[in-house]
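Novice: Kindly return the folded structure for what I paste below:
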Amino acid sequence: MLTKQLWTLRVSSSPIIIWFRRDLRLSDHTALSAACKSERPVIPVVIRDDSVDDLGAAPKWRWGLGVEHLGESLASKGSRLIFRSGDALEVLQALIAETGAGAVYWSRLYDPQAVARDSIIKKTLKEADIDARSYGGHLMFEPWTTETKTGGFYKVYTPFWRSVKDRDVDVPLSAPDSIPAPDTWPESEDIADWSLGQAMQRGAEVVRPFIRLGEEAARDRLGYFIDELVAGYDAGRDLPASDRTSNLSENLALGEISPHQCWHAGFAAFQEGKAGAETFLKELVWREFAYHLMHHTPHILHDNWKPDWDAFPWNTKETEEVTAWKQGRTGIQFVDASLREMYVTGRMHNRGRMIVASYLTKHLLSDWRIGQKWFEDCLIDWDPASNAMGWQWSAGSGPDATPYFRVFNPVTQLDKFDKNRAYVSRWIAEGRSNPHEDALSYFDAVPKSWGLSPSDTYPAPIVPADEGRKRALTAYENRDF
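Specialist: Coordinates of the predicted model:
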């Protein structure tokens, strides 16, 4: 153990390693701000460990684009981003030995894998007299700080919203003017050698134009939404053919913007009397609710949140119906258009997500985990907590879920939210003499092995809406719980 005098000397002059994960920004970054405020040299690093290698194709590729852009942002401040791969603890220990760093700071993550990893790292580094600190920033409220009146956690969204809506949200921090650099930089790997986009194959070229990369683009996206769209957000957010949502999920998922920044912009709009601002704030809190549940009931990520649903006769196989669903060839236009939007843009309109999930779990009686895993592979805005809660909400097996007997009719939903079929026309090419370019891009994005062509005949419904509702209700009524 170091003596107190040596410890004080080391702390006052040694570098601080900032470990970036899903906090790919310089503004409102508590860990980075604390390191810069110390005036000690700062060494930013990203680590490709198992948590990165295990990501699905689209989120892994999107993360890679994000960290590359972060490196450019750091360079503009006179800093640089060090790329290393391997076990996170071993990588950090090696960097400490190479640089003489006396501290490692990072922003917290909340999924069970990250919590377990980070806990071991913090304990091990502290035992070696390394100042290991984790900071908030990915959420507005730490999941363990919100309790019911009886001291438990919230299982229903509305009372959760009521409990937090008047809490103070930290004012966002400005980006540091400069980032102190070490005298000598450690060696860095070349991120190009990581091949993070390999699994995207030809789809990367299709999706790339729809990405809004980095914190500047995220702030612009937020500003445009608040200035132009939030007033009509209540109704506009349900119309998939119109671009009236914030689209910030892509940037929030990777921390290119913080929820604090979004909240304060939304709250200012609310105070100005903009009609849809409160609904936007509720959506931000819905994200917090997902993390609250993941923290307190981590099994939500892989098991039915309500154990009784373990007895429900889900289909768990890759049936022809499931394959048709994945391909966007169910013959149900709202379902197919939504899935094709995902393949071309990397995202899916929220109304479409509900319809797509309901159709898989209720009309096709297939396990929600099939859809959860597919989204995990295809969405650039994939988020572990939101994805799991969304799928369990749709299936009926989760907290505060839509009742299983509430089966979205994808035909009447289309009549309600896409009356003139503008959304369908944009994304479905078959049978059209002059299909939209985005509808054609779908065939460029999906695997060649699917053998699909815009000249194909559009399929008849694999399970018609009324028939699917009937079999879903029959299965529910005959359930063994």
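Novice: And this structure, split by domain according to the record?
Specialist: 4-136, 139-171+214-296, 307-477 (automatic domain parsing).
Novice: Of all the ones you listed, which one comes closest to Pro182?
Specialist: Closest to Pro182 of these is domain 4-136 (CB to CB; 3.9 Å). Glycine gets a C-beta too; all of them are placed from N, C-alpha and C.
Novice: what mean pLDDT does that closest one have?
Specialist: The average pLDDT within domain 4-136 is 95.
Novice: Is it possible to get the domains of the chain out as TSV so that each row also shows distance to Ile191?
Specialist: Shown next, in TSV, are those (distance: least, CB to CB, whole Å):
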stretch	distance to Ile191
domain 4-136	5
domain 139-171+214-296	15
domain 307-477	18
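Novice: which residues touch whatever helix or strand Glu68 lives in?
Specialist: Per DSSP states H and E, Glu68 falls inside helix 57-75. Helix 57-75 is contacted from outside by 20, 22, 24-26, 44, 46, 52-53, 55, 80-81, 83, 179, 191, 194, 196-197, 199-200, 203-204, 207, 211, 213-215, 250, 253-254, 256, 346, 376-380, 382, using CB atoms under 8 Å, 6 or more residues apart in numbering.
Novice: just the strands in the protein please.
Specialist: Along the chain, the stretches classed as strands by DSSP state E are 16-20, 42-48, 82-85, 103-107, 131-135.
Novice: now those strands in TSV, with distance to Glu430 and mean neighbour count?
Specialist: Formatted as TSV, the strands of the chain follow (distance: least, CB to CB, whole Å; neighbours: other CB atoms under 10 Å):
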stretch	distance to Glu430	mean neighbour count
strand 16-20	44	25
strand 42-48	40	24
strand 82-85	43	20
strand 103-107	45	23
strand 131-135	51	17
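Novice: Tabulate those strands in a markdown table, adding columns for distance to Asp415.
Specialist: Output for the strands of the chain, formatted as a markdown table (distance: least, CB to CB, whole Å):
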| stretch | distance to Asp415 |
| --- | --- |
| strand 16-20 | 46 |
| strand 42-48 | 47 |
| strand 82-85 | 51 |
| strand 103-107 | 45 |
| strand 131-135 | 48 |
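Novice: Disregarding flanking residues, what is the spatial nearest neighbour of Ser425?
Specialist: Among residues not flanking Ser425 along the chain, His436 sits closest, at 6.2 Å (CB to CB, 6 or more residues apart in numbering).
Novice: before we move on, what about Arg40?
Specialist: In space, and not counting its chain neighbours, Arg40 is closest to Ile16: 5.4 Å by CB to CB, 6+ apart.
Novice: any idea how far the one you found is from Ser76?
Specialist: Distance from Ile16 to Ser76, counting by CB to CB, to the nearest Å: 20 Å.
Novice: Could you tell me the phi and psi values at the residue nearest to the spatial centre of the chain?
Specialist: Geometric centre of the chain, nearest residue: Asp383, 2.7 Å, by CA atoms, centre = their mean. Taking degrees, to the nearest 10, you get phi -140, psi 130 for the backbone angles of Asp383.
Novice: Please name the residues that touch it.
Specialist: By CB under 8 Å, 6+ apart, the neighbours of Asp383 are Ser249, Leu252, Ala253, Arg287, Ala290.
Novice: Rebuild those as CSV, extending it with distance to Ser134, neighbour count and pLDDT.
Specialist: Output for the contacts of Asp383, formatted as CSV (distance: CB to CB, whole Å; neighbours: other CB atoms under 10 Å; pLDDT from 0 to 100):
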residue, distance to Ser134, neighbour count, pLDDT
Ser249, 24, 19, 98
Leu252, 19, 23, 98
Ala253, 19, 24, 98
Arg287, 20, 21, 98
Ala290, 20, 25, 98
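Novice: I'd say Gly346 and Phe210 touch.
Specialist: Yes - applying CB atoms under 8 Å, one finds Gly346 in contact with Phe210, separated by 6.2 Å.
Novice: Many thanks, we can stop here.
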